[in-house]
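>>> 3D, please:
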Amino acid sequence: MTTVLVCYGTGEGQTGTVADRIAETLADRGHDPTVVDAAAPPVDLAVADFDAVLVGSSIHVGKHRSEITTFVTEHRDALAELPTGFFQVSLSSATDDPERRAEAAGYVDALVEETGWQPDRVGLFGGALRYSEYGFLTRLMMKRIAKEATGDTDTSRDYEYTDWAEVEAFANDFAAFVEGRLGVTPPE
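Residues are numbered from 1 along each chain as shown. Next up, the predicted model:
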């Protein structure tokens, strides 16, 4: 059984929900995941003590969560020694539009350039619009963004774009990669 740190940064909770689903999928394969919110990590968190690490971040206004860039920068050396993956949650990944998909991939490229960390696996997932939780100005801004990204501008309801089968497939792919790299056979 391998230990996997799943560290995430979220603005509205969807990335945390994705991290939890990834952890469930890893546990179902016989691994031991630990889910950590990068905004409030345990004081004694030792990244190098894990067998593998997944890092996840939401995108807001074209930027990753600052706690994620800080986490990756602070733990870059440990991450370089381990099997790692990165997952990103954004509206840009919620469409089939090639330009939007390229934009989502560009956010990952920017993270790699900013931090110097190159994850072994990358997953790009659609996020959610939580109009019911936004204040007036955020609702207006998100409505404008959504008009271009998804077309979902009815602020009387919320929208979820995460493809959960895609999330589970990413988690299983990452687990298989880790198992192969570490020479571990998953428990039956």
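>>> how far away is the residue nearest the centre of the chain from residue 148?
By Cα atoms, centre = their mean, the mean C-alpha position of the chain lies nearest to residue 56, the distance being 2.7 Å. From residue 56 across to residue 148, the span is 24 Å (Cβ to Cβ, to the nearest Å). Bear in mind the C-beta positions are built from the backbone N, C-alpha and C, glycine included.
>>> who's in contact with the nearest residue to residue 172 once chain neighbours are set aside?
Nearest residue to residue 172 in three dimensions, chain neighbours excluded: residue 25, at 6.2 Å (Cβ to Cβ, 6 or more residues apart in numbering). Applying Cβ atoms under 8 Å, 6 or more residues apart in numbering to residue 25 gives the contacts 167-168, 171-172, 175.
>>> same thing but 7 Å
168, 171-172 (Cβ atoms under 7 Å, 6 or more residues apart in numbering).
>>> what about it, which helix or strand?
Taking DSSP states H and E as the criterion, the element that holds residue 25 is helix 14-28.
>>> please export the C-alpha coordinates of that helix as PDB.
Listed next in PDB are the C-alpha coordinates belonging to helix 14-28 (Å, rounded to 0.1, in the frame of the first residue of the first chain):
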ATOM      1  CA  GLN A  14     -15.300  22.200  -6.100                       C
ATOM      2  CA  THR A  15     -11.500  21.500  -6.100                       C
ATOM      3  CA  GLY A  16     -11.900  20.100  -2.600                       C
ATOM      4  CA  THR A  17     -14.700  17.900  -3.800                       C
ATOM      5  CA  VAL A  18     -12.600  16.700  -6.700                       C
ATOM      6  CA  ALA A  19      -9.700  16.000  -4.300                       C
ATOM      7  CA  ASP A  20     -12.000  13.900  -2.100                       C
ATOM      8  CA  ARG A  21     -13.200  11.900  -5.100                       C
ATOM      9  CA  ILE A  22      -9.600  11.200  -6.200                       C
ATOM     10  CA  ALA A  23      -8.800  10.100  -2.700                       C
ATOM     11  CA  GLU A  24     -11.800   7.700  -2.700                       C
ATOM     12  CA  THR A  25     -10.700   6.200  -6.000                       C
ATOM     13  CA  LEU A  26      -7.100   5.800  -4.700                       C
ATOM     14  CA  ALA A  27      -8.400   4.100  -1.500                       C
ATOM     15  CA  ASP A  28     -10.600   1.800  -3.600                       C
END
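>>> after that helix comes which helix or strand?
strand 32-37.
>>> check what pLDDT residue 11 gets.
Residue 11 carries a pLDDT value of 86.
>>> can I assume it sits in a helix?
No - if the criterion is DSSP: H, G, I helix; E, B strand; the rest coil, then residue 11 is coil and not within a helix.
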